[in-house]
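Trainee: structure for the following, please:
(one chain, ligands or ions: 1)
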Amino acid sequence: MAGWRTIQYLSPRKIIKLQDRLLRNFIKNQIPYHPFYHNLFKKNKINFSGIKTTEDLKKLPFTAKEDIAPTAKEPKKSLDFVLQPNKQLISRYASLNKKIKIIFNKNSLFYEYKPCHIHFTTGRTANATPVLYTAYDLQRLEESGRRMVNMLNMSSKDIVINAFPYAPHLAFWQTFYAAKGANLLSLHTGGGKILGTEKIINSIEGMKATCLAGMPGYLYHLIRTAKEKKSDFSSLSLVVFGGERVALGLREKIKNDLASTGSKNARILSTYAFTEGKTAWLECKEESGYHLYPDFEFIEIVDKNGESVNEGEKGEIVCTSLDWRGSVFLRYKTGDMSKLYYGKCSHCSRTLPRIDAEIERSSEYREFALTKIKGSFVNLNALFSIMSHKDIDEWQIEIRKKNNDPYEIDELIVYVAPRKKANFDKLKNELKNKITAETEVAPQIIKVELKELLKRLGMETELKEKRIVDNRKKI
Ligand SMILES: [Zn+2]
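Mentor: Numbering: from 1, shown residues only. Predicted coordinates:
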């Protein structure tokens, strides 16, 4: 099969051909061993050899989060998504594929299929779903990591600080395996909760780190703290975000703070990932879009009727595994909305399919994405860009019932720690107008000391800061 060097510059037509072939093989050689899809094919009377191209995927129903997430009744549902070749199935299905020499021997079963690593989804309301990796998959995590390092034009001299929270989540481990795969000197700090912001700042200075990776909200806090401490981050030339969306305006604020630490012209790039996709995708340049790995997965964008949309049209991101073991998914509906582009990237000339930089991610603040406040649906994700105002240091939003009475009306409270030189009254009015226009709810804006707000957010104590808190008691 073509290597990465070739794949990244294949023509869109050749990429389609490659994906058709990979999909055909994946369905025929792997899906018989997949409890959920084996049944699904049977139920829908589809042959394993009936899916020959990515076009044919349309014959398959979508897989929803609800199909995978464990419930009280079916706590082990997600294990039905793990490839599990057993003797009986192998003798039945592998023999049909002699031509392509699928050999299930003891070694390949152990390496390719035995789960050895787990990530969990981060949703707060739904039960966390485990996604299993085998040794084969971890090799792929290293490979995607090498690809990202290559896309970033990093060299073996680069030094990486991983500031993602230490957790069984993709962001931390993708960074770990990327650094391992590319053989880069790296320190995996576990973020504020594990090593603590002070020590991470000292490590960046002491090790003369060139690359810092972490969640945008936390890195903003870390870099702002470094600026206040007058730390020297002049070695830092690259900041890579992951784990959550980057609010408009945040990049600029971070750039300004970085410049004050001596890090001039640092590149600030973003990644996109979801747990079920098993790997992260990177933009080659700010806002260039996330470059996919067409040999690892097939991404399609569908409208609300489930029909594929054209290039550049907005819809839901749907993902199909092409070369993974462990937990694999076909036509998995992410709930995230974006656009897809093919052809040459105008920045790096790679021809990889790209997901638009603008993604409405339902996966992170899913339970808040559309929250009913005072009876009307409010998209709280929209508040992130309002709150990345240049005069705000930190912020938190609380939704609560008036007087804590469940029968009372909802209140939207916005806690703000303004920047030192900001005019708070002016800022307060501006925020009030913008938030009311966006949500049709008039917020209360309360000024809070930065130290107090950092505590509220749990910046040094939580895995992920508590940006939006819903304190309404359910009746
Ligand atoms: Zn590019």
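Trainee: can we go C-alpha only for contacts and neighbour counts from here?
Mentor: OK.
Trainee: which one is the one residue in the stretch 51-200 of the chain that gets nearest to the ion nearest to, not counting chain neighbours?
Mentor: Closest residue of the stretch 51-200 of the chain to the ion, CA to the ion: residue 151 (7.9 Å). The shortest distance from residue 151 to any non-neighbouring residue, by CA to CA, 6 or more residues apart in numbering, is to residue 284 (6.0 Å).
Trainee: could I get the full set of helices for the stretch 1-150 of the chain?
Mentor: All helices of the stretch 1-150 of the chain, identified by DSSP state H, counting those that start in this stretch, fall at 4-7, 12-29, 35-43, 65-68, 87-93, 106-108, 135-151.
Trainee: go on, the stretch 151-300 of the chain?
Mentor: Using DSSP H, counting those that start in this stretch, helices in the stretch 151-300 of the chain cover 170-181, 197-207, 216-228, 250-260.
Trainee: quick one: list the elements packing against the third one.
Mentor: Translated: helix 216-228. helix 197-207, helix 250-260 (3 or more CA pairs under 8 Å, 6 or more residues apart in numbering; DSSP states H and E).
Trainee: rewinding a little: can you tell me which of the helices of the stretch 1-150 of the chain the model trusts least?
Mentor: Among the helices of the stretch 1-150 of the chain, helix 106-108 has the lowest mean pLDDT, at a mean of 80.
Trainee: residue 428 touches residue 443, doesn't it?
Mentor: No. Using CA atoms under 8 Å, residue 428 and residue 443 do not qualify as a contacting pair, with a distance of 10.0 Å.
Trainee: and the two? Which one has more around it.
Mentor: residue 443 (20 against 17; other CA atoms under 10 Å).
Trainee: now do the same contact list for the more buried one.
Mentor: 411, 412, 413, 414, 432, 435, 436 (CA atoms under 8 Å, 6 or more residues apart in numbering).
Trainee: for the ion, what's the nearest residue on the protein?
Mentor: For the chain, CA to the ion, closest residue to the ion: residue 348, 4.1 Å.
Trainee: can you list the domain ranges for the protein.
Mentor: Using automatic domain parsing, the domain parsing of the chain gives 1-362, 366-470.
Trainee: roughly how far is the shortest one from the heart of the chain?
Mentor: Domain 366-470 sits 24 Å away from the centroid of its parent chain (CA atoms, centre = their mean, to the nearest Å).
Trainee: please begin residue numbering at 36 from this point
Mentor: Done: numbering now begins at 36, and the last item shifts to domain 401-505.
Trainee: state the mean pLDDT of it.
Mentor: Computed over domain 401-505, the average pLDDT equals 86.
Trainee: near the ion, which residues of the stretch 186-335 of the chain are found?
Mentor: residue 319 (CA under 5 Å from the ion).
Trainee: could you rerun that using 8 Å?
Mentor: Contacts of the stretch 186-335 of the chain with the ion, taken as CA under 8 Å from the ion, map to 186, 318, 319, 320, 323, 324, 326.
Trainee: okay if I get the helices and strands packed on helix 251-263 as CSV plus mean pLDDT and mean neighbour count?
Mentor: What follows is those, written out as CSV (pLDDT from 0 to 100; neighbours: other CA atoms under 10 Å):
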stretch, mean pLDDT, mean neighbour count
helix 232-242, 98, 17
helix 285-295, 94, 19
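Trainee: rebuild those helices as CSV, extending it with distance to residue 148.
Mentor: Output for these, formatted as CSV (distance: least, CA to CA, whole Å):
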stretch, distance to residue 148
helix 232-242, 37
helix 285-295, 41
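Trainee: give the contact list for residue 44.
Mentor: So, once contact is read as CA under 8 Å, 6+ apart, residue 44 ends up touching 384, 385, 386, 387.
Trainee: buried subset of these, written for PyMOL?
Mentor: Of these, the buried ones can be selected in PyMOL as follows, counting by 16 or more other CA atoms under 10 Å:
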select buried, resi 385+386+387
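Trainee: in the stretch 86-235 of the chain, what spans have low per-residue confidence?
Mentor: Counting by pLDDT under 70, the ranges of the stretch 86-235 of the chain that qualify are 130-138, 158-161.
Trainee: which neighbouring elements make contact with the one helix or strand residue 491 maps to?
Mentor: Following DSSP states H and E, one finds residue 491 within helix 485-492. In terms of contacts (3+ CA pairs under 8 Å, 6+ apart), helix 485-492 is packed against strand 427-436, strand 445-453.
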